[in-house]
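Enquirer: What would the 3D arrangement of this be:
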Amino acid sequence: MGSTQTSKKQRSSEGQGNSLIRFFLGTKDPDAYTKVTFYTLLVITGLFLVWNIVGYAALSYQHLIHIHRNVSIDRIFAERATALGYSAEEFSHRLGVLFTMSIVCWLIILGALVLLWRKNTLYFPIIIGSALLYLAMLFFYIGYDYFRTDTSLFDKVALLVLFVMAGLHFFILKKERSGESLSFFGEDD
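Expert: Prediction:
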C-alpha cells in the first residue's frame, strides 16, 4: 500500500511539471524546424543568462571572492578599466548596469521563445529588439573596445546564430501563413 501511494505522488508531481510546461508551451507540438530553432535559441539564451548572472554575482560579491579565494577582483577591474579608459569605480558601475540590463534582456528573450514555440510572429521583434538592446549596451555604454576585446568569439557567433535563426524562422513562418511556396530557389515543391 505504501508503494502505491508513493507512485501516485510521483505521477502527480510529474504531471504538475508537465502541466506547467503545457501551460506555457501549449498542447500542440510545432513542426521540426520550429523545435530546432526553439531549442537552439533556448541554449543560447540560457548560456547568456547564466553568464550574466554569474558576472553580476562576481561583481556584487567581490569582497567575498577575495576573502575565500584570495583573488583580487578589484585589481582585475582596475587594470581592465584603465585599459578601456575608465576609472575603476566608473567601470564597476557600468558593468553592474550592463549585467542588470543583460539579465532583463535575456529573460525577455526567454519569454519570447514561448511565442516562437507557439508560432506567434510577435516573438521576432521581441527577440531582435532585446538582442539589439544588449548589443547596444555593449557597443555604446561600455564601448566598442570592450566588445572587440572582452566579448569572446563564441559569444559573437552565438549572437549571429540567434539573429540568423530567428530571422530565417520568421521568414519561413510568414511564407507559411501567407500560403506561399517555401522553396528558396523559386521551384515548386
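Enquirer: CA atoms for contacts and neighbours, from now on please.
Expert: Noted.
Enquirer: Just give the number of residues close to Tyr123.
Expert: Residues near Tyr123, counting by other C-alpha atoms under 10 Å, number 21.
Enquirer: Go ahead and confirm it touches Ile108.
Expert: No - using C-alpha atoms under 8 Å, Tyr123 is not in contact with Ile108, being 10.0 Å away.
Enquirer: mind listing what the residue most central in space within the chain touches?
Expert: The chain has Thr45 as the residue nearest its centroid, 2.1 Å off, counting by C-alpha atoms, centre = their mean. Thr45 makes contact with 106, 109-110, according to C-alpha atoms under 8 Å, 6 or more residues apart in numbering.
Enquirer: for those residues, which one is nearest Leu138?
Expert: Using C-alpha to C-alpha, Trp106 comes nearest to Leu138 of the contacts of Thr45, at 14.0 Å.
Enquirer: just to revisit the earlier point, how far is the helix or strand hosting the residue nearest to the centre of the chain from where the chain is centred?
Expert: Assigned by DSSP states H and E, Thr45 belongs to helix 32-60. Centre-to-centre, helix 32-60 and its host chain are 4 Å apart (C-alpha atoms, centre = their mean, to the nearest Å).
Enquirer: Just the mean pLDDT for it, thanks.
Expert: For helix 32-60, mean pLDDT rounds to 94.
Enquirer: Format the CA atom coordinates belonging to the next helix or strand after that helix as PDB.
Expert: Note on helix 32-60: by DSSP H and E, the next helix or strand toward the C-terminus is helix 62-69. Extracted C-alpha coordinates of helix 62-69, given in PDB (Å, rounded to 0.1, in the frame of the first residue of the first chain):
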ATOM      1  CA  GLN A  62      34.000  40.900  -5.000                       C
ATOM      2  CA  HIS A  63      34.900  41.100  -1.300                       C
ATOM      3  CA  LEU A  64      33.700  37.500  -0.600                       C
ATOM      4  CA  ILE A  65      35.700  36.200  -3.600                       C
ATOM      5  CA  HIS A  66      38.800  38.000  -2.300                       C
ATOM      6  CA  ILE A  67      38.300  36.600   1.200                       C
ATOM      7  CA  HIS A  68      37.600  33.000   0.300                       C
ATOM      8  CA  ARG A  69      39.700  32.600  -2.900                       C
END
